[in-house]
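S.K.: Quick one: sequence plus predicted model below, questions after.
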Amino acid sequence: DAGVTQSPTHLIKTRGQQVTLRCSPKSGHDTVSWYQQALGQGPQFIFQYYEEEERQRGNFPDRFSGHQFPNYSSELNVNALLLGDSALYLCASSLNSWDSPLHFGNGTRLTVT
Amino acid sequence: GIQVEQSPPDLILQEGANSTLRCNFSDSVNNLQWFHQNPWGQLINLFYIPSGTKQNGRLSATTVATERYSLLYISSSQTTDSGVYFCAVERVTNAGKSTFGDGTTLTVKP
């Protein structure tokens, strides 16, 4: 039973560039959420996708966008990277149910120089 | 938005000791989860516990939804319990958006 997988594991980008992070949900899950975790802080909710639509969004600028594919996998895109975007980006999958626990991937460590 | 406060922020124990971690939240929730983040950054779901008590081995958790707090108990701690423990809640009116606390950093010394 495959868990949540994310790629790449590490990434170094330059200010102003664009980045795409990828996530495959746990087998059987249909809902994907993305979180940003800065050093020493708890994860911050970016957005959630279900049925290829953005269902919920946190307090992140439009530079952060996403997509969900018919096979439930998802991408997170960040445009015009800022130094402050350096963080661990976590993908979580769940079932479309109010009582479904979140299962997290190992994250992508993004460094913006 | 909802506020989630965890205490203590840091905890240092000797192997074998017991501990209690607390999570307070400021609004009604329909979803509360406890996570352990190991030193490599991996977040593991420990409990889904919007109310009541659950136990899993040396770990147990209790949520008193009416008083807006949850407790995580770790008994006979081991060095592998070290890491950061997070509480995450979801408001009834904001399903799908989990809000995390800033965590409790636990260090278990041999």
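M.R.: It's in.
S.K.: what does chain B have sitting close to chain A?
M.R.: B:4, B:30-31, B:33, B:35, B:40-45, B:48, B:50, B:86, B:88, B:94-103 (C-beta under 8 Å from any C-beta of the partner chain). Yep, even glycine has a C-beta here, placed from its N, CA and C like the rest.
S.K.: Could you pick out the buried ones from those residues?
M.R.: B:4, B:30-31, B:33, B:35, B:41, B:43, B:45, B:50, B:86, B:88, B:94, B:96-103 (16 or more other C-beta atoms under 10 Å in any protein chain shown).
S.K.: coming back round to it: of the residues of chain B next to chain A, which belong to strands?
M.R.: B:4, B:30-31, B:33, B:35, B:43-45, B:48, B:86, B:88, B:98-100 (DSSP state E).
S.K.: Which single one of these is nearest to residue A:13?
M.R.: Lowest distance from residue A:13 to those (C-beta to C-beta) belongs to residue B:43, with 23.4 Å.
S.K.: Lowest-scoring secondary structure element of chain A by mean pLDDT?
M.R.: Counting by mean pLDDT, DSSP states H and E, chain A has its least confident helix or strand at strand A:53-57, which shows a mean of 93.
S.K.: Parallel or antiparallel, which strands does it pair with?
M.R.: Partner strands for strand A:53-57, per DSSP bridges, with pairing direction: strand A:44-50 (antiparallel).
S.K.: List the contacts of the partner strand.
M.R.: A:30-38, A:54-58, A:60, A:64, A:66-68, A:74, A:76, A:96, B:96-100 (C-beta atoms under 8 Å, 6 or more residues apart in numbering or on different chains).
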